[in-house]
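> model this:
(4 chains)
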Protein chains: 4
Amino acid sequence: MPNSFGKLFRITTWGESHGPSVGVVIDGCPPRLPLDESEIQTDLDRRRPGQSDITTPRKEADRVEFLSGLFEGRTTGQPLAMLVRNSDARPEAYAEMKSAFRPSHADFTYQTKFGIRDHRGGGRSSARETIGRVAAGAVARKILSRAGNVEVRAFVTHIHHIAAPSPDHFPTLAEVDANAVRCPHAPTAEKMIETIKQARAAGDSVGGIIECRVRGVPAGLGEPVFDRLEADLGKAMLSLPATKGFEIGSGFTGTLLKGSQHNDAFVAREGVVHTATNKSGGVQGGISNGQEIVFRVAFKPTATIMQNQSTVDVHGQPAELHARGRHDPCVVPRAVVIVEAMAALVLVDHWMRHTAQNHTFKF
Amino acid sequence: MPNSFGKLFRITTWGESHGPSVGVVIDGCPPRLPLDESEIQTDLDRRRPGQSDITTPRKEADRVEFLSGLFEGRTTGQPLAMLVRNSDARPEAYAEMKSAFRPSHADFTYQTKFGIRDHRGGGRSSARETIGRVAAGAVARKILSRAGNVEVRAFVTHIHHIAAPSPDHFPTLAEVDANAVRCPHAPTAEKMIETIKQARAAGDSVGGIIECRVRGVPAGLGEPVFDRLEADLGKAMLSLPATKGFEIGSGFTGTLLKGSQHNDAFVAREGVVHTATNKSGGVQGGISNGQEIVFRVAFKPTATIMQNQSTVDVHGQPAELHARGRHDPCVVPRAVVIVEAMAALVLVDHWMRHTAQNHTFKF
Amino acid sequence: MPNSFGKLFRITTWGESHGPSVGVVIDGCPPRLPLDESEIQTDLDRRRPGQSDITTPRKEADRVEFLSGLFEGRTTGQPLAMLVRNSDARPEAYAEMKSAFRPSHADFTYQTKFGIRDHRGGGRSSARETIGRVAAGAVARKILSRAGNVEVRAFVTHIHHIAAPSPDHFPTLAEVDANAVRCPHAPTAEKMIETIKQARAAGDSVGGIIECRVRGVPAGLGEPVFDRLEADLGKAMLSLPATKGFEIGSGFTGTLLKGSQHNDAFVAREGVVHTATNKSGGVQGGISNGQEIVFRVAFKPTATIMQNQSTVDVHGQPAELHARGRHDPCVVPRAVVIVEAMAALVLVDHWMRHTAQNHTFKF
Amino acid sequence: MPNSFGKLFRITTWGESHGPSVGVVIDGCPPRLPLDESEIQTDLDRRRPGQSDITTPRKEADRVEFLSGLFEGRTTGQPLAMLVRNSDARPEAYAEMKSAFRPSHADFTYQTKFGIRDHRGGGRSSARETIGRVAAGAVARKILSRAGNVEVRAFVTHIHHIAAPSPDHFPTLAEVDANAVRCPHAPTAEKMIETIKQARAAGDSVGGIIECRVRGVPAGLGEPVFDRLEADLGKAMLSLPATKGFEIGSGFTGTLLKGSQHNDAFVAREGVVHTATNKSGGVQGGISNGQEIVFRVAFKPTATIMQNQSTVDVHGQPAELHARGRHDPCVVPRAVVIVEAMAALVLVDHWMRHTAQNHTFKF
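Coordinates of the predicted model:
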């Protein structure tokens, strides 16, 4: 079950970076949703390598194939399985990793935990694992879009020391995808791209911060007390490779405010309850309050760098590692669509849970 | 299941602030653990109200009673249920909350989600709900302590604008509990206490940050890919009332480093693999690496303040709210033991999961 | 989690036969259901010992107390915890069981599995554990009754060699409870009672079969492929102490028919699809088809008998056991309400699951 | 999650009879198990159609392909996904089923539940769905075999009115597979085959009973109180298409015995506790006692028969159905390997659960 996520809209992913394939099966997909492969492909294309000159040059078409669960162009409520074949695998490029552990990567911990590891490109710990998440997330996003005009939009706000101003409106997809780094503030995006290129040129890497906003979510999603919406969003984001932090609404900065400054006053507008401010980030008491959901995720600099590093080998002896292989000098731009996918998965799952408890029976 | 946490060491909590009781049942507790009520009481006493002049004056002895699962002073492997009766309930003090929604509290969202709510002191959304967590956490901590000398230590690092220096050693329990605010740096603790008192005097509230460190955890705990140790720790912490953020190791600040600065080089010391630094916070690839686990949790200022606030009533009409009741001007000092409890629950659960997959069968 | 049952309407039970209490917490209870303790008590009274001269003479009032989850007489959607104190515990009556394993009871297996056991009256393996199930089942039955006029009715069809004719109508509660053995066919009930009395007089015990029928269940409950309705009903029943078999519809006897005899032809009656016969027992492809659900459960003769038996002691040495304590010479009459409880729990849970997947989103 | 089975060794299956493929992913597979595709294929070949003249003539090679989770011939502890392509799909042969519901099949209930159904050959409700179970079961059986010489052996005891004598020894695989009907008693097998052929010739179908025995299971597997070993075995078996009943040990017949006849006396043999008889079927108090596990499963006659049947069409109007397509006149012989697979899955899962709770920590 560690490779499954969600309670009612439940995905299970499989696959390694240089094994035969990666894929996902969705169990609990609502029936009758019109769906075709091109809708999945759109999101996979936003995630795939080689899409710009600041990402890994690995060449993968990442073509998705439906294995089950569709009939005459609609979901049937049965498991929806999707497969992507790995094509540009070059396992020989990872020979060094067979014998030495890359610092701050999963090599050592996988070996210690399982007593065996697929060292080729990180195996299961590779970001290629997220393909299944993005494919399932595309289904979730279509559900949200059809069911309630819910829009999920992530974008980059920080790369290393470069920070973009907070957008004054809900960014459009076009604005986000207008540049390779997926920062909707064009002048800052330029600087970010430059920063990433410099890091790559130095054989180094950088990290950054992604913000995600969701609008159109009805009040009532999220469950007391352990499955709060922010808890499940946090878990979803912290399950992504390279993440080190998550905050919602005011986040860590909110600790600098007093209660009288932090509280979001309720106001009634056209008969609907809103809040005057949104320090809560759209969630109160673990349950969505109908305002925009706003959260941020911190990604560390890529662990695999093109510099000599001190490490130990599989026998515990000191070793020098010079990584080869093809890697992103910064994972943040490609992670935008993955953040969106995970957010959508959480929301669909909680929507179904909310209905089950509160709308199955009428009292 | 939203009131349950954990897969194999699974707790389910119940109870409201002003209902008859709060409690917890642990399903999956390992058998033969010596246990008596005083060990639970010790942690409950660290959490209970009225323990100092910077916490709520509500008077609750919070006496725990074992309902099942013990035989001759040892756990039997059967469900371990524990009960705490509410005694100092004064539901009449919450009359205002019946008709008006407190800003940034759970009143509005519970009402919207469930169509009914126990408004007395926040009902289920009250921090009293955490009593069950702390009781179960005390069992988990004893297990960790007996099984591997694992120590879980949380402490306060920030209250509003007051920041303590990072401890240069693993703080002792005595150092943490030496003052009412639970900051092991005594001079800073003084300022923090003063800040809280000022906020209370102004009818206001403040928030802060708790850091938690765990030492003695063996390498190998945590599961790829969704149930990474940091993902489950993050979920655990973000399921606590008033939390807005979580970070592990380098956290948000880590985004300001380059990969060459951020990576934790492996070194061999006396035949054991360590890391020279600990930017990873003890977790790599979602799995513990044997180093100290270090994470931080952000708590917002208490939503219930003793000032007039604009809000709406249950009919959606503008209203003015002046809260009464007894509240903490800052939840952070009492939350220290709750953070420790949740961390211990996550670790015991993952330890059992690790054994199941990796040590049930020998190949 | 082994002490939990259900996915969305999830119960967790606790307690031992001679410990302080037994109880249950329901997580996921729909909100706004009117409920008071007397409704739970009615079912507990049908289960409790000492209700007739063919049951154990143990004296227990089995008074239920709500611990949480109610507000002004309605459920709140929060955990609903219920407690029953043990009062007539006489642990000294079970001294023999401390050192010797009762044949066909759980003594040996609990000791082997957990390395410790509460031997007093069977501890957790006692039928007293089912009190929590019956209490939760009473809530489930009220939900079913309010939501769709669903009625769950179990009754005894066989005691040892005495078999009752199959009822030609859906038996009323009054018909079932008209006699101590809960067989709605009065003349047969007399013989059954006589059989039980003879067994008790001989220090022996007998078993039997319970049939359960449910009417009013809408078509559509049950999930392909593992969580078929009959699979979950079967698990529910086989989780009851002393059960050895489960069959639905035609059951084992159905293997003697040919397909042309066994198939239930569909017919349309007043615009609604029915079946002309009901060999399927109300479930086809794992999903309810709107017909009456009919299943049967086999209960073995009580393991604890008042005769000398050969066994081994806790050191593996041959021993002679003469049990004392107070036991039912036949568990079947009291099990009727437990079977009903478990059936109701399965149905509520599946109803919620059905809604979640199929009615949360409209496509 | 309805398409998932198991808690720690968890499988999720996908696929329809005439869709692109069927498959399975195992989450939680122990690492380091040597495994190759031929070991899976052996069991798939025992299940596949066309293997004898009493099974469906559909031609399917049922070649399994590993999609992930293996490295250098060993499992890695990561998800193990396996795929089988459908090749001999003839959806046009099922045109009648598009408009009319087959009696006692899943057509009506799927349509009612999901509002859509893949009618081609039963879609997801087809027995082809069990391919994923058998593939995963082959892995589970290898684990059991390597870990503890546990052997799982199912065989046919009844076909329609033909009953075989109970075997006086643990049947060998060769004895079971010696004939097309998989009954180890050769003379009876002849009659069974004849019965099936007659049914087929008449366009009719027959059912039967499979017995399964497992030897080598250590005492201690199974969990009080809901996840008893017989409850999980029962659920596993009742989740198979066409099953109507399950019994363990003495089963329904055990209700005809008195306690003094039914109890299994404990005896010590060479320092190990055994039972003199095995009415319990190897499970006491829901936990294995070290004796042979013995249970039986009832399968109804195949619903799809080659005779005219009265039914209704999708508009609720009376209709006459004459099924075409290729079907087994009796599913029982091919179900033998499926029963074994499900039993193995339950045992591996419970073994892992047992270790987790009882052997992770030492007290």
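> what mean pLDDT would you report for the strand or helix carrying A:R296?
Following DSSP states H and E, one finds A:R296 within strand A:293-299. Averaging pLDDT along strand A:293-299 gives 98.
> List phi and psi for the residue nearest to A:M192 when sequence neighbours are not counted.
Using C-beta to C-beta, 6 or more residues apart in numbering or on different chains and skipping residues adjacent in sequence, the residue nearest A:M192 is A:I159, 4.0 Å away. In short, each C-beta sits where N, CA and C put it, glycine included. In terms of degrees, to the nearest 10, the main-chain angles of A:I159 are phi -130, psi 120.
> Run a quick neighbour tally on A:I159.
29 (other C-beta atoms under 10 Å in any protein chain shown).
> I'd assumed A:Q198 was in contact with it.
No. Judged on C-beta atoms under 8 Å, A:I159 makes no contact with A:Q198 at a distance of 10.9 Å.
> interface residues of the stretch 151-300 of chain A facing chain C?
A:P224 (C-beta under 8 Å from any C-beta of the partner chain).
> how about the helices in the stretch 151-300 of chain A?
A:173-176, A:186-201, A:229-238, A:259-262 (DSSP state H, counting those that start in this stretch).
> Buried residues of the longest one, list them for me.
Yep, that's helix A:186-201 we're talking about. For helix A:186-201, a neighbour-count test (16 or more other C-beta atoms under 10 Å in any protein chain shown) marks A:188-189, A:191-193, A:195-196, A:199-200 as buried.
> just the first one next, same as before
Neighbour counts using 16+ other C-beta under 10 Å place A:175-176 of helix A:173-176 among the buried residues.
> which other helices and strands contact it?
strand A:151-159 (3 or more C-beta pairs under 8 Å, 6 or more residues apart in numbering or on different chains; DSSP states H and E).
> Check the third one too.
For helix A:229-238, the packing partners by 3+ C-beta pairs under 8 Å, 6+ apart come out as strand A:243-248, strand A:293-299, helix A:332-359, helix B:229-238, strand B:243-248.
> The longest one too?
With contacts defined as 3+ C-beta pairs under 8 Å, 6+ apart, helix A:186-201 has these neighbours: strand A:151-159, strand A:162-163.
> right, so those: which one is the most enclosed?
Of all the helices and strands packed on helix A:186-201, strand A:151-159 has the most neighbours on average by mean count of other C-beta atoms under 10 Å in any protein chain shown, namely a mean of 24.
> Chain neighbours aside, what residue packs nearest to whichever residue of the stretch 51-200 of chain A sits closest to chain C?
Going by C-beta to the nearest C-beta, chain C is nearest to A:A147 of the stretch 51-200 of chain A, at 4.4 Å. Leaving aside its sequence neighbours, A:A147 sits nearest to C:F361 (C-beta to C-beta, 6+ apart; 4.4 Å).
> just to revisit the earlier point, what does the strand holding A:R296 rub up against?
A:157, A:207-215, A:217, A:229-230, A:233-234, A:237, A:240, A:242-249, A:251, A:278, A:281-283, A:331-332, A:335, A:339, A:343, B:247, B:251-252, B:254-255 (C-beta atoms under 8 Å, 6 or more residues apart in numbering or on different chains).
> wait, does the helix or strand following it contact chain B?
Where DSSP H and E defines the elements, the next helix or strand beyond strand A:293-299 is strand A:308-312. Yes. Strand A:308-312 is in contact with chain B by C-beta under 8 Å from any C-beta, via A:309-312.
> What of stretch A:239-254?
Yes. Interface with chain B: stretch A:239-254 contributes A:239, A:241, A:243-252, A:254 (C-beta under 8 Å from any C-beta).
> and those, which are buried?
Buried among the residues of stretch A:239-254 next to chain B (16+ other C-beta under 10 Å): A:239, A:241, A:243-252, A:254.
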